[in-house]
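Asks: Sharing a model prediction with you, sequence too.
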Amino acid sequence: MGEPTAVTQPSHDPHCIFCKIVLGEIPSARVLETDQAVAFLDIHPVIPGHTLVVPKAHYAHLGDLPDSLASHAGSLLPRLCRAIQAATGAAGLNVIVNNGRAAGQTIDHCHWHIIPRFDDDPVNWPWPQGEYLGDELSQMRFRIERELGEVPG
Ligand code: AMP
Ligand code: ZN
């Protein structure tokens, strides 16, 4: 029996539309490209100028990304935001990641949306918000801190 094969994250998924865009197998309107990420116009914009920032390596979800790749993608956001806002004349921007089906993610290759916003645009925001009752807030804080390893036990 040979040595066990190390399990490594594949850098591209042959069935993934964003991997195909990264590899140039299907066209995209690129506005910025680095060695690790690419930004291109969303083909079905919420508002014209809607741009996607996509790490070149295939990771389905934000939580899967190595910190260094997340940092790199994040480092592109301020410059892109300035350019998109100036180019569109938008009054503001939403920068969001849909993470998982329940959150509206349809393409399982992690990406950031940058969406120009205008005072009178038809986008439905904010989402409905709720309240914590009793000790629900402190319980939630505890659970998340525990998952982060920020509290003992
Ligand atoms: P999400 O729902 O967060 O996974 O976002 C996927 C986004 O990719 C959607 O906003 C789509 O409009 C966009 N999209 C899908 N195919 C393409 C494509 N070929 N080029 C550019 N954007 C695309
Ligand atoms: Zn992919």
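Replies: Okay, I see it. Ligands and ions are numbered 1, 2, ... in the order given.

Asks: what does the protein have sitting close to ligand 2?
Replies: Contact residues, the chain versus ligand 2 (C-beta under 5 Å from the ion): Asp13, Cys16, Phe18, Cys19, His58, His109. Heads up, the C-betas are built off the backbone N, CA and C, glycines and all.

Asks: out of everything not next to it in sequence, what's closest to the fourth one?
Replies: It refers to Cys19. His12 (4.3 Å; C-beta to C-beta, 6 or more residues apart in numbering).

Asks: isn't that neighbour right up against Ile21?
Replies: No. Counting by C-beta atoms under 8 Å, His12 sits too far from Ile21 to count as a contact (10.8 Å).

Asks: ok, these two, which is more surrounded?
Replies: Ile21 (21 against 16; other C-beta atoms under 10 Å).

Asks: and the more buried one, what does it touch?
Replies: Pro27, Ser28, Val38, Phe40, Val54 (C-beta atoms under 8 Å, 6 or more residues apart in numbering).

Asks: pLDDT at it, what is it?
Replies: pLDDT, Ile21: 98.

Asks: near ligand 1, which residues of the chain show up?
Replies: Applying C-beta under 6 Å from any ligand atom, we find that the chain lies next to ligand 1 at Ile17, Ser28, Asp42, Ile43, His44, Leu52, Asn98, Gly104, Gln105, Thr106, Ile107.

Asks: Among the residues of the chain next to ligand 2, the buried ones, what's the ChimeraX command?
Replies: Entered in ChimeraX, the line below selects the buried ones among the residues of the chain next to ligand 2, by 16 or more other C-beta atoms under 10 Å:
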select :16,18,19,58,109
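
Asks: Return the subset of the residues of the chain next to ligand 2 lying in helices.
Replies: Phe18, Cys19 (DSSP state H).
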